[in-house]
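S.K.: sharing a model prediction with you, sequence too.
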There are 2 protein chains.
Amino acid sequence: MRVDAEAALFRALSDRTRRLILDELVERRRQTLFEICSRLAGRHGVTSTRQAVSQHLDVLEAAGLVHSRREGRYRFFELDTGPLRVIADRWPDRAPSDQEDR
Amino acid sequence: MRVDAEAALFRALSDRTRRLILDELVERRRQTLFEICSRLAGRHGVTSTRQAVSQHLDVLEAAGLVHSRREGRYRFFELDTGPLRVIADRWPDRAPSDQEDR
DNA sequence: TTGATAGGCAAGCGGTGACTTGCCTATGGT
DNA sequence: ACCATAGGCAAGTCACCGCTTGCCTATCAA
């Protein structure tokens, strides 16, 4: 994984609103920007403006956690959990061939 | 997982130097502050001061990713990968009992 | 006991990031 | 054609975060 891709991933996950957006996209795939906004407000009390949420989605997309597609006047967002795999793999309980010093 | 614990975890992971510290602690468990500093410098070109690294370790400890113990004039740091488990589990490929709307 | 080693505390600085505000574009319905 | 809906762009503000600097405490060796 490239360094900037790694940075983008962890930066994306560092914000609570963005994590809530991912939660929403797990429960209901393919949502539009307005859907995400209203669900964030209704279910999590997030009062951010549409623009704020849009910027969050840009960050998530830059991290590869979300993909978007235009259809007519709608832009649909979809979750991609692929990049999350590397996190668990990066810090194992013990190093492979752990020699207690190196 | 409590909200503030979640925030602490993702905040801790959001910084590159802190991720490198975790890498070091995977390879060599139980390091002192000075050991971590010198290994960061030698192997990753991180030039941060001791105080900067110490502050990073505080953040990691607040997130539960690191535990420390005093022994004489040394303070040993050790990795705890436990908190990382929740990340992979939080956003599954599909929601359990996915009903396409809710 | 003195000096060196290992670490802690706190204030200040600079940069980045989240958010708002204001305005603009495009699509679809009637 | 017109208006409402869905979304985009860009600049400005404010707070937080990473880092340094300066000084202080504690442990160990000689």
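M.R.: Ah, there it is.
S.K.: quick one, helices of chain A?
M.R.: Under the criterion DSSP state H, chain A contains helices at A:3-13, A:16-27, A:33-44, A:50-62, A:85-90.
S.K.: so which bits of stretch A:46-55 are buried?
M.R.: A:46, A:53 (16 or more other C-beta atoms under 10 Å in any protein chain shown). For the C-beta atoms, the positions are set from N, CA and C on the backbone; glycine is no exception.
S.K.: do that stretch and DNA strand D meet at all?
M.R.: Yes - against DNA strand D, stretch A:46-55 shows contacts by C-beta under 7 Å from any atom of the strand at A:50, A:51, A:54.
S.K.: which of the helices of chain A sits closest to residue B:7?
M.R.: Residue B:7 lies closest to helix A:16-27 among the helices of chain A, at 6.3 Å (C-beta to C-beta).
S.K.: what angle do that closest one and helix A:3-13 make?
M.R.: 90 degrees (axes from the mean of the first three to the mean of the last three C-alpha atoms, to 10 degrees).
S.K.: quick revisit: I'd like the residues of stretch A:46-55 next to DNA strand D as JSON lines, with pLDDT and distance to residue B:24 appended.
M.R.: Formatted as JSON lines, the residues of stretch A:46-55 next to DNA strand D follow (pLDDT from 0 to 100; distance: C-beta to C-beta, whole Å):
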{"residue": "A:50", "pLDDT": "97", "distance to residue B:24": "43"}
{"residue": "A:51", "pLDDT": "98", "distance to residue B:24": "40"}
{"residue": "A:54", "pLDDT": "98", "distance to residue B:24": "38"}
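S.K.: tell me which of those residues is nearest to residue A:64?
M.R.: Looking across those and measuring by C-beta to C-beta, the closest to residue A:64 is residue A:54, at 17.7 Å.
S.K.: wait, that closest one sits on residue A:36?
M.R.: No - in this structure, residue A:54 is not within contact of residue A:36 by C-beta atoms under 8 Å, at 9.3 Å.
S.K.: the helices of chain A: lowest mean pLDDT?
M.R.: Among the helices of chain A, helix A:85-90 carries the lowest mean pLDDT, at a mean of 89.
S.K.: angles on the backbone of whichever residue of chain A sits closest to DNA strand C, please.
M.R.: Here chain A gets closest to DNA strand C at one residue, residue A:72, 2.6 Å apart by C-beta to the nearest atom of the strand. Phi and psi for residue A:72, reported as degrees, to the nearest 10, are phi 60, psi -130.
S.K.: so how far is the first residue of stretch A:42-57 from its last?
M.R.: Stretch A:42-57 has an end-to-end distance of 18 Å (C-alpha to C-alpha, to the nearest Å).
S.K.: contacts (any at all) between DNA strand C and it?
M.R.: Yes - using C-beta under 7 Å from any atom of the strand, stretch A:42-57 reaches DNA strand C at A:47, A:48, A:49, A:51, A:52, A:55, A:56.
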